[in-house]
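[1] Coordinates only, no sequence provided:
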Ligand code: SAH
Ligand code: MG
């Protein structure tokens, strides 16, 4: 097809079809989220696959997710873990957590995944106070105003050489210099952080793009 007619949606369909086809559990998860009128805030399949590849690349055994929703990104990440791996996912909304539990059970990953209910800032503080073992990978994807605080809590919870990932790093509010945006403050804090080597990878999302921030702790 002539180059000018190729849309972002075409690129997304191409690479999703080739590298990120959904299995039955992922498809059922999206269907159940639609049935339950859960907001469409989950990662695209191609971004889910990117999460999975990154987790496997560092041999992740312990993963922390902030923002579960219906357990869609959770499944992509859980599938990267070894059988004795562990993923803890933090969610404030009881209804989202209940839908996620059903979806995770259908996907057969309940042995590896634990959903912890409550405001993430509180749960993270409790985890640090309890001396929680460090994580190989932390994926931040909850309320955007909370991102700067989650970064502060995530760094000490991540092992050296581990990854801190964040979704929606290229949301429109990040680029609007007149807006006071949690994402903009988060991106700037990561870029300036002495222990983090980072970049934002643009990701395709249906008809548009967003960004996955990828930071390695050193
Ligand atoms: N990671 C999911 C999408 C998460 S959407 C996926 O890609 O499949 C963001 C989620 O964060 C929502 O479910 C919302 O209820 C939750 N959330 C919002 N504020 C929160 C908070 N303070 N603590 C924990 N979770 C929160
Ligand atoms: Mg997101």
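    Sure, I can see it. Small disclaimer: the values here were computed from a predicted structure and weren't measured. Ligands and ions are numbered 1, 2, ... in the order given.

[2] Just to be sure, residue 210 is in a strand?
    Yes - counting by DSSP: H, G, I helix; E, B strand; the rest coil, residue 210 is part of a strand.

[3] Begin at 55, not 1, for the rest of this chat.
    Renumbered: residue one is now 55, and that last one reads residue 264.

[4] From residue 85, how far out is it?
    Distance from residue 264 to residue 85, counting by Cβ to Cβ, to the nearest Å: 23 Å. Bear in mind the C-beta positions are built from the backbone N, C-alpha and C, glycine included.

[5] Then residue 164?
    From residue 164 over to residue 85 the distance is 19 Å, taken as Cβ to Cβ.

[6] More neighbours: residue 264 and residue 85, which one.
    Taking other Cβ atoms under 10 Å, residue 264 and residue 85 do not tie; residue 264 has more neighbours (20 against 11).

[7] For the closest residue in space to residue 76 that isn't next to it in sequence, the count of nearby residues, please.
    Setting aside the residues directly before and after it, residue 76 is nearest to residue 99 in space (Cβ to Cβ, 6 or more residues apart in numbering), at 5.8 Å. Using other Cβ under 10 Å, residue 99 is surrounded by 23 other residues.

[8] got a list of what residue 99 touches?
    By Cβ atoms under 8 Å, 6 or more residues apart in numbering, the residues touching residue 99 are 70, 74-76, 80.

[9] So, low pLDDT: which residues of the chain?
    Low-confidence segments of the chain, defined by pLDDT under 70: 55-57.

[10] For it, which residues are neighbours of ligand 2?
    Those residues of the chain that sit near ligand 2, judged by Cβ under 5 Å from the ion, are 195, 221-222.

[11] Who wins on neighbours among those residues?
    residue 221 (27 neighbours).

[12] which residues touch the nearest residue to it once chain neighbours are set aside?
    Nearest non-adjacent residue to residue 221, counting by Cβ to Cβ, 6+ apart: residue 195, 4.1 Å away. When contacts are counted by Cβ under 8 Å, 6+ apart, residue 195 touches 97, 119-121, 127, 220-222.

[13] just the contacts of residue 99 now: which is nearest residue 103?
    residue 74 (3.9 Å; Cβ to Cβ).

[14] Tell me the secondary structure at residue 103.
    When classified by three-state DSSP, residue 103 comes out as helix.

[15] one step back: format the residues of the chain next to ligand 2 as CSV; extra columns: secondary structure and distance to residue 153.
    Shown next, in CSV, are the residues of the chain next to ligand 2 (DSSP: H, G, I helix; E, B strand; the rest coil; distance: Cβ to Cβ, whole Å):
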residue, secondary structure, distance to residue 153
195, coil, 16
221, coil, 19
222, coil, 21
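
[16] and residue 67, how many neighbours?
    By other Cβ under 10 Å, the residues close to residue 67 number 14.

[17] ok, now residue 77?
    11.

[18] again with residue 199
    When neighbours are counted by other Cβ under 10 Å, residue 199 registers 13.

[19] Same check on the one 10 residues further on?
    Residue 209 has 18 neighbours, counted by other Cβ under 10 Å.

[20] Helix or strand: which one has the residue nearest to the spatial centre of the chain?
    In the chain, the residue lying closest to the centroid (Cα atoms, centre = their mean) is residue 193, at 4.4 Å. Using DSSP states H and E, residue 193 sits within strand 189-194.
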